[in-house]
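Chemist: Fold the following, please.
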Amino acid sequence: VNPELWKQSLRDNAIIRDRFSMENDTPITAEGVEMAADAAKTVKEIILSRLPTGSTIEDVNIRVYSSKLLRCVQTAFQIAQELKRPIYTSSGLALTAVAVAKRRHKFQFLKMPELRSYCVGTELFCCDNTEDPDNTLPVDKDHWLDAVHSVVQRDEINVIVAHRETIRNITERRYRLPYCCIGVFAYDFEAAAHHT
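Modeler: Now for the predicted structure:
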């Protein structure tokens, strides 16, 4: 993504954000786009390897969820294109990012029209809207894991595009992880029932 085009796009769309939010919500680089495309292929291979013999991607209910930070949405775009699915965005999934956590409710994410301009050809939905209970994820909770729990309790295969801090937090380990990494997790519903 050309930084000058990105800045011009912000001006053209009259999206005004504070400097902190703009500096901490930058687009991915050309190398990042390549990494995201490779990750998308890997995610598809992982899903296919877990399907019953003879099943295809089209046979299963898959949702791609993303943090609302631009670099995550751009990564989710690559995955959504590979899986031929829409993207469901949530600011609640961004709470593991240090910059967002510092600012909590004051962090200014890009508006949906701007995010959509980075995802041409793929539907993009916002899960922060409480008027649509089927697609709403927690955003005002004190813990980022509430959004993750809400996603994985749905009856589908869920791909969550968030930050490497999310993998570190789920595993409770400080792994040295690249910017674009994939974690595959099973969900323990019984343990989640005891989460506070």
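Chemist: Now F107, what are its backbone angles?
Modeler: phi -70, psi 130 (degrees, to the nearest 10).
Chemist: Was I right to think I87 contacts G121?
Modeler: No: I87 lies out of contact with G121 (CB atoms under 8 Å); the separation is 11.3 Å. Placement of C-beta: from N, CA and C, glycine included.
Chemist: Neighbour count: those two, which is higher?
Modeler: I87 (25 against 7; other CB atoms under 10 Å).
Chemist: and the gap between the more buried one and L93?
Modeler: Using CB to CB, to the nearest Å, I87 is found at 11 Å from L93.
Chemist: shared neighbours of the two, anything?
Modeler: Common contact partners of I87 and L93 (CB atoms under 8 Å, 6 or more residues apart in numbering): 65-66.
Chemist: Any idea what the residue nearest to the spatial centre of the chain is bridged to?
Modeler: Per CA atoms, centre = their mean, the C-alpha nearest to the average position across the chain is that of S66, at 1.6 Å. According to DSSP bridges, the partner residues bridging S66 are T89, V161.
Chemist: from memory I170 sits against H163, does it?
Modeler: No: I170 is beyond contact range of H163, at 11.3 Å (criterion: CB under 8 Å).
Chemist: Who has more neighbours out of the two?
Modeler: H163 (24 against 16).
Chemist: Excluding chain neighbours, give the residue nearest to that one in space.
Modeler: Nearest residue to H163 in three dimensions, chain neighbours excluded: A97, at 4.8 Å (CB to CB, 6 or more residues apart in numbering).
Chemist: doesn't L69 make contact with the one you found?
Modeler: Yes: A97 lies in contact with L69 (CB under 8 Å); the separation is 6.2 Å.
Chemist: anything in contact with each of the two?
Modeler: Residues touching both A97 and L69 (CB under 8 Å, 6+ apart): H163.
Chemist: and for the top helix by length along the chain, what are the contacting residues?
Modeler: The longest helix of the chain (DSSP state H) is helix 30-49. For helix 30-49, contacts defined as CB under 8 Å, 6+ apart pick out 1, 28, 56-57, 60, 62, 71, 74-75, 77-79, 81-83, 157, 159, 178-180, 182, 184.
Chemist: which of A97 and L69 has more neighbours?
Modeler: Neighbour count, other CB under 10 Å: between A97 and L69, L69 has more, with 27 against 23.
Chemist: what's near enough to touch that one?
Modeler: L69 touches 25, 94, 97, 100, 109, 163, counting by CB under 8 Å, 6+ apart.
Chemist: Tell me, how many residues neighbour the second one?
Modeler: Around A94 sit 25 other residues, with neighbours defined as other CB under 10 Å.
Chemist: Using the three-state scheme, assign the closest residue to G121 other than its chain neighbours.
Modeler: Sequence neighbours aside, Q81 is the residue nearest to G121 in space, at 7.3 Å (criterion: CB to CB, 6+ apart). What DSSP: H, G, I helix; E, B strand; the rest coil gives for Q81 is helix.
Chemist: Hmm, L95 is touching A101, no?
Modeler: Yes: contact status for L95 versus A101: in contact at 5.9 Å, counting by CB under 8 Å.
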